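Enquirer: give me coordinates for this.
(chains A and B)
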Amino acid sequence: MMNNAQTAPTEPASPAAVHARGLTVRRGTGRTPRTVIDSIAFDVPRGRITGLLGPSGCGKSTLMRSIVGTQAHVTGTLEVLGSPAGHPELRSRIGYVTQAPSVYDDLTVRQNLEYFAAVLTPGRAAADRRRAAVTRAIADVDLTGRAGALAGNLSGGQRSRVSLAVALLGTPELLVLDEPTVGLDPVLRRDLWNLFHDIAATRGATILVSSHVMDEAERCHDLLLMREGRILAQDTPDALRTRTHSATVEEGFLRLVDEANAEAKPEVAR
Amino acid sequence: MSTARTTATAARVLRQLRHDPRSIALMLLVPVLMLTLLRFVFDGNPRTFDSIGASLLGIFPLITMFLVTSIATLRERTSGTLERLLAMPLGKGDLIAGYALAFGAVAVVQSLLATGLALWLLGLDAVGSPWLLLLVALLDALLGTALGLFVSAFAASEFQAVQFMPAVIFPQLLLCGLFAARDTMHPVLEGLSDVLPMSYAVDGMTQVLTHTDMTADFVRDAVIVAACALLVLALGAATLRRRTP
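Expert: Numbers count the residues shown, from 1 in each chain, chains lettered A, B, ... in the order given. So this is what the prediction gives:
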């Protein structure tokens, strides 16, 4: 991969949170399954925010589903927090937010969180701990004032924050967030990114966050740039800009895409 | 499986239902109104009301729970909450048992109302114990829950899910002995009715209607309905996949 220009300030000592080699995913149940992810290799360092960026349809969501273990037909090596992806032991250690908010519309914000908290830490003995976790998660996403409202009556941005709050329950070691800031206003987006940084810094969590909005890349510690099922680059935003002689990550990404296209063309002609 | 996660799931399903009072009203009142209607349809023929009424006491919970469960689990699949739950430490058994427990509780209330009304206000003349009627109704509700859960795996939308009601329930309704005694049907249909669970549900109700004690046939009927419900629940569990293509 193109990470020889890696200039990350602190090389993490612990093994990577996510370690992938030769990872391939095929989707579709028909006679011709599509190769959505094509033999990729990457590492997501622990305790940092890694942005997974790329245009819509490039395989970001499929990669995230593979990491949390809900994607079928995954081949190659994919280790998450030291275990193979999808291992039952990982289910309480990963927080996952799907692209569409997955909460119960006919429950209130608090009731949603109470149920998912009961699934994570069941039993009457943990009731106090659960209540504290629910209250904290609601405060984390700034919905304390709406805790009693039905999720179905909230705005789109509020519903996706409920979905995010569910992932924050139980203090996960790895947070996998699929486009959590899509459709949110700038103030909210800034607040959420501050929250992500706070979680990574104070709770030591690893965050893998996808986006197709390139200006969010500047807020990440590390970047994974994806295009058509392949990793185009893995770098820090600074290193990427320097290497591609670009002012912004977006410009750098486009330059890499052009280079990749130029390389690919002769192959098509053959 | 974990009891705490199962009861938490059941409590969650009931909480969802509580935010939907109209559905609760429909589930509880429709059987009561239909039985009342039936009573006066057969105004001059109380014996017919006895037999059809008793059969319906078993059929109502089955149909209601089938519809409610198939839509509820379909919603769970399409809203992404199922994917989220299965990425969490929740057993498939916890989820299914939670649904069965919640809708079973609703079925008990529904059956108490319908059975009570039929026996004491509408003069349905059952020789056996009302508790046995209630037991069959509960088993029928479980069977409906199981069937609903199972077919929801084959429906891509709520529109398709409701179409499964006539497809799965109507043949059983026609063949269960409600419209014609099963031994008077064409032999092929009689054979078919022998393998459909609703036939035993209705037969169980008829046993209570005509016998003071628990008969061997009643025990057989109850065991068959319960076994079918468990079998279909297990099939339903197999349709919940942690990894999807």
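Enquirer: next, the buried residues of the helix or strand containing residue B:50.
Expert: Following DSSP states H and E, one finds residue B:50 within helix B:46-78. Burial within helix B:46-78, assessed by neighbour count using 16 or more other CB atoms under 10 Å in any protein chain shown, is assigned to B:49-77. (C-beta placed from N, C-alpha, C; glycine too.)
Enquirer: packing partners for it?
Expert: Secondary-structure packing of helix B:46-78 (3 or more CB pairs under 8 Å, 6 or more residues apart in numbering or on different chains; DSSP states H and E): helix B:21-41, helix B:81-86, helix B:92-116, helix B:130-152, helix B:158-175, helix B:197-210.
Enquirer: let's go with 7 Å and repeat that
Expert: Under the contact definition 3 or more CB pairs under 7 Å, 6 or more residues apart in numbering or on different chains; DSSP states H and E, helix B:46-78 sits against helix B:21-41, helix B:92-116, helix B:130-152, helix B:158-175, helix B:197-210.
Enquirer: quick one, phi psi at residue 87?
Expert: All of this is about chain A. Here is the backbone geometry of residue A:87 (degrees, to the nearest 10): phi -60, psi 130.
Enquirer: meant chain B, my bad for not saying
Expert: For residue B:87, the backbone dihedrals (degrees, to the nearest 10) come out as phi -90, psi 0.
Enquirer: contact partners for it?
Expert: A:68-70, A:91, A:96 (CB atoms under 7 Å, 6 or more residues apart in numbering or on different chains).
Enquirer: of all the helices and strands packed on helix B:46-78, which lies closest to residue B:233?
Expert: With CB to CB as the criterion, residue B:233 lies closest to helix B:130-152 of the helices and strands packed on helix B:46-78, at 4.4 Å.
Enquirer: what inclination does the closest one have with respect to helix B:46-78?
Expert: If you take axes from the mean of the first three to the mean of the last three CA atoms, to 10 degrees, helix B:130-152 sits at 40 degrees to helix B:46-78.
Enquirer: could you check the angle helix B:130-152 makes with helix B:92-116?
Expert: Angle between the axes of helix B:130-152 and helix B:92-116 is 140 degrees (criterion: the same axes, to 10 degrees).
Enquirer: hang on, the earlier thing: ok, which of the contacts of residue B:87 also contact chain B?
Expert: Residues of the contacts of residue B:87 in contact with chain B (CB under 7 Å from any CB of the partner chain): A:68-70, A:91, A:96.
Enquirer: read off the pLDDT value for residue 1.
Expert: As the question left the chain open, I've gone with chain A. If you check residue A:1, the pLDDT there is 42.
Enquirer: other chain: chain B
Expert: Per-residue pLDDT puts residue B:1 at 76.
Enquirer: what separates it from chain A, distance-wise?
Expert: Residue B:1 sits 11 Å away from chain A, going by CB to the nearest CB, to the nearest Å.
Enquirer: which non-adjacent residue is nearest that residue?
Expert: With CB to CB, 6 or more residues apart in numbering or on different chains as the criterion, residue B:1 has its nearest non-adjacent residue at 4.3 Å, and that residue is residue B:93.
Enquirer: ok, residue 217 - contacts?
Expert: Here I'm looking at chain A. Taking CB under 7 Å, 6+ apart as the criterion, residue A:217 is in contact with A:51, A:53, A:223, A:237, A:249.
Enquirer: try chain B instead
Expert: For residue B:217, the contacting residues are B:203, B:207, by CB under 7 Å, 6+ apart.
Enquirer: do residue A:173 as well
Expert: A:81, A:93, A:205-206.
Enquirer: likewise residue B:196?
Expert: Here residue B:196 is in contact with B:172, B:175-176 (CB under 7 Å, 6+ apart).
Enquirer: please report how far the nearest residue to residue A:56 once chain neighbours are set aside lies from chain B.
Expert: Once flanking residues are discounted, residue A:56 sits nearest to residue A:212: 5.5 Å by CB to CB, 6+ apart. Remark: distance between residue A:212 and chain B (CB to the nearest CB) = 19 Å.
Enquirer: tell me the secondary structure at the residue nearest to residue A:62 when sequence neighbours are not counted.
Expert: Spatial nearest neighbour of residue A:62, excluding adjacent residues (CB to CB, 6+ apart): residue A:36 at 4.8 Å. Of the three states, residue A:36 takes strand under DSSP: H, G, I helix; E, B strand; the rest coil.
Enquirer: for chain A, what lies in contact range of chain B?
Expert: Residues of chain A that fall close to chain B, judged by CB under 7 Å from any CB: A:27-29, A:68-73, A:86, A:91-92, A:96, A:98, A:100, A:102-104, A:106-107, A:111, A:115, A:118-120, A:122-123, A:150.
Enquirer: low-confidence stretches in the stretch 151-270 of chain A?
Expert: A:265-270 (pLDDT under 70).
Enquirer: ok, 50 please
Expert: Within the stretch 151-270 of chain A, the segments meeting pLDDT under 50 span A:269-270.
Enquirer: okay, the one residue sitting closest to the centre of chain B: pLDDT?
Expert: Nearest to the geometric centre of chain B sits residue B:62, at 2.1 Å (CA atoms, centre = their mean). Listed pLDDT for residue B:62 reads 91.
Enquirer: swap in residue B:175?
Expert: pLDDT, residue B:175: 92.
Enquirer: what does the one 3 residues further on give?
Expert: Looking at residue B:178, its pLDDT is 86.
Enquirer: OK, contacts around the residue nearest to the centre of chain B?
Expert: B:140-141, B:143-144, B:198, B:201.
Enquirer: okay, these in TSV with neighbour count next?
Expert: Listed next are the contacts of residue B:62 as TSV, based on neighbours: other CB atoms under 10 Å in any protein chain shown:
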residue	neighbour count
B:140	31
B:141	30
B:143	28
B:144	30
B:198	29
B:201	28
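Enquirer: report the two of these separated the most.
Expert: Spatial extent of the contacts of residue B:62 (CB to CB) is set by the pair B:141 and B:198 at 12.6 Å.
Enquirer: wait, isn't residue A:46 in contact with residue A:19?
Expert: No - using CB atoms under 7 Å, residue A:46 is not in contact with residue A:19; the gap is 10.7 Å.
Enquirer: next one: the nearest residue to residue B:125 once chain neighbours are set aside from chain A, what distance?
Expert: Closest residue in space to residue B:125, ignoring its immediate chain neighbours: residue B:50 at 5.0 Å, by CB to CB, 6+ apart. To chain A, residue B:50 is 40 Å away according to CB to the nearest CB.
Enquirer: related to what we said a few turns ago, so which of the contacts of residue B:196 is the closest to residue A:263?
Expert: Nearest to residue A:263, judged by CB to CB, of those is residue B:172 at 63.2 Å.
Enquirer: quick one: pLDDT of the closest residue to the closest one other than its chain neighbours?
Expert: In space, residue B:172 comes closest to residue B:198 once its chain neighbours are excluded; the distance is 3.8 Å by CB to CB, 6+ apart. Looking at residue B:198, its pLDDT reads 91.
Enquirer: what's near enough to touch residue B:198?
Expert: B:62, B:172-173, B:176.
Enquirer: which one of those residues has the most neighbours?
Expert: residue B:62 (30 neighbours; other CB atoms under 10 Å in any protein chain shown).
Enquirer: any idea how far that residue lies from chain A?
Expert: Using CB to the nearest CB, residue B:62 is found at 24 Å from chain A.
Enquirer: ok, now how distant is that residue from residue A:183?
Expert: Distance, residue B:62 to residue A:183, using CB to CB, to the nearest Å: 43 Å.
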